[in-house]
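1. sequence first, predicted model second:
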Amino acid sequence: MRSTHPIESIAIVLYEGFDELDAIGPYEVFENAAEAGADLDVGLCTLEPTNRVTASHGLVVEPDGALDDLADDPDLVVVPGGGWTDGAKHGARAAVERGDLPDAIAARHRNGASVASVCTGGMILAAAGVLDGRPATTHHGAINELRETAANVVDARVVDDGDVLTAGGVTSGLDLALWLVERDFGADTAETVAREMEYERRDEVYRAN
């Protein structure tokens, strides 16, 4: 597992057609962790400045700002999935085809940020090249396509390779976020958050060593 430093600032990157729970689930976990005493900040951002972004099921979100306009560079950039398997005009597949989001993720990772994905956000990380030669997972509907990339596909709900983390489908984003809270702020904080959210954790974490 690559060495990394504790996460203190998190940016969850939204784009047209992202899956709601992929982004909002981890957001709530991180916000609850901060309320429980974890020293971290989390925000919802987009690549380009915009007043609103529409998710795959129609939820409209007002982001906190653009990724490059954040006051501090985030320690962790989280990429949700959505819209990979249904041929949607928007979503993860469209983001990969445009190329701007994978390019931005690759640049952030080169500059020292950790990156994480939920669901088919893993395909965006794969397009960015950050999964090359590394263990990773994604939603079951895209797992065969992930095998066609340079990633080493792992059968796990959450895969932690230090500065690159991936999670499987949709609800696994909750486990990813809770694992990050446990890893960087302790098991007690993670359990406090899980109890607050009345979420029964699935501790299926593959840790690369």
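-> That came in fine, so what should we check first?

2. can you get me a residue count around Ser117?
-> 32 (other CB atoms under 10 Å). All C-beta atoms are positioned from the backbone trio N, CA, C, and that covers glycine.

3. what distance do you get for it to Asp161?
-> With distances taken as CB to CB, to the nearest Å, Ser117 is found 12 Å from Asp161.

4. pLDDT wise, what is the residue in the chain sticking out farthest from the centre at?
-> In the chain, the residue that sits farthest from the middle, by CA atoms, centre = their mean, is Asp188; the gap is 22.5 Å. For Asp188, the model assigns a pLDDT of 97.

5. in terms of helices and strands, where is it?
-> Here Asp188 sits within helix 187-196, counting by DSSP states H and E.

6. list of residues touching that helix?
-> If you take CB atoms under 8 Å, 6 or more residues apart in numbering as the criterion, helix 187-196 is touched by Val29, Asn32, Ala33, Ala36, Gly37, Ala38, Leu178, Trp179, Val181, Glu182, Glu200, Arg201.

7. if we go to 7 Å?
-> Val29, Asn32, Ala33, Ala36, Gly37, Ala38, Leu178, Val181, Glu182, Arg201 (CB atoms under 7 Å, 6 or more residues apart in numbering).

8. swap in stretch 45-55?
-> Residues from elsewhere that reach stretch 45-55 (CB under 7 Å, 6+ apart): 11, 13-16, 18-20, 60-67, 69-70, 100-101, 104.

9. same check, this time on stretch 121-139
-> Contacts for stretch 121-139 (CB under 7 Å, 6+ apart): 22, 79-81, 84, 92, 95-96, 101-102, 105-106, 109, 115, 117, 119-120, 142, 145-146, 149-154, 156, 159, 161, 164, 166-169, 206, 208.

10. mark which of those are buried, thanks.
-> Buried subset of the contacts of stretch 121-139 (neighbour count, 16 or more other CB atoms under 10 Å): 22, 79-81, 84, 92, 95-96, 101-102, 105-106, 109, 115, 117, 119-120, 142, 145-146, 149, 151-154, 156, 159, 161, 164, 166-169, 206, 208.

11. so which of the residues you listed sit within strands?
-> Using DSSP state E, Val79, Val115, Ser117, Asn152, Val153, Val159, Val164, Thr166, Ala167, Tyr206 are the members of those that sit in strands.

12. sweet, I'm off.
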